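*Asks:* Can you look at this prediction? I've put the sequence above it.
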Amino acid sequence: MAEVFDLFGDPVPANWGERGRPEHIATQKNRNLVSMLVALGWSNGRIAAALFITVPTLRKHYFSELHFRAVARDRLMANLFMKTWEQVQQGNVGAIKQFGAMVDRNDLMEYGHMARPSAGKPAKQAKQPKLGKKEAAIAAAQNPDRGSALGDLIAQRQGSGRPN
């Protein structure tokens, strides 16, 4: 017997129209959707609601996708990097810019700030007089930490955008 599909392209269960609720059929499209939503950090209840099924049905039919919750985000990002890299190899300029931004974002995630070669040991500074809380806060606001990407950006916007 040929498989019958509903208006959404999902297969119609064999007991459709008979007594009782028809069993959920896990399609590859739904498996991919569950994997993506797990990678995005969605809860089981939220995923089940998006598929119009119950949480026990989700666990029954999509247990393998739910099992890899710890590595799902890394798998999603690896797939995204690979798809973007394929576009870069084809010469897509937008993909080249996007891939550069993805690498920068990955470096920020990995190292906490942009990797920058050190210029050797800093020279010793003269001892500063002790300041109170308010004076120290004002001084810190005027001198952003140039060791991070955000501090470097703030320094450039304040007009002291001299390179190190």
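*Replies:* Received, thanks. In this text, all values refer to a predicted model and were calculated from it rather than measured experimentally.
*Asks:* where exactly do the helices run in the chain?
*Replies:* Assigned by DSSP state H, the helices in the chain fall at 28-39, 44-51, 55-61, 63-67, 69-89, 93-111, 133-142, 149-158.
*Asks:* Least confident of those, on average?
*Replies:* Mean pLDDT is lowest for helix 149-158 out of the helices of the chain, coming in at a mean of 80.
*Asks:* mind listing what's buried in that one?
*Replies:* By neighbour count on 16 or more other CB atoms under 10 Å, the buried set for helix 149-158 is D152, I154, A155. Every C-beta, even on glycine, is put in place using the N, C-alpha and C of the backbone.
*Asks:* Which strands or helices does it pack on?
*Replies:* Packing contacts for helix 149-158, counted by 3 or more CB pairs under 8 Å, 6 or more residues apart in numbering; DSSP states H and E, involve no helix or strand.
*Asks:* So what angle separates the directions of that helix and helix 93-111?
*Replies:* For helix 149-158 against helix 93-111, the angle between stretch directions is 120 degrees (axes from the mean of the first three to the mean of the last three CA atoms, to 10 degrees).
*Asks:* can you dump the C-alpha coordinates of helix 149-158 into CSV?
*Replies:* The C-alpha coordinates for helix 149-158 follow below in CSV (Å, rounded to 0.1, in the frame of the first residue of the first chain):
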residue,chain,number,x,y,z
ALA,A,149,38.0,44.1,22.7
LEU,A,150,35.3,46.1,24.5
GLY,A,151,37.8,48.2,26.4
ASP,A,152,39.7,48.9,23.2
LEU,A,153,36.4,50.0,21.5
ILE,A,154,35.6,52.3,24.4
ALA,A,155,39.1,53.9,24.3
GLN,A,156,38.7,54.5,20.6
ARG,A,157,35.3,56.2,21.1
GLN,A,158,36.7,58.4,23.9
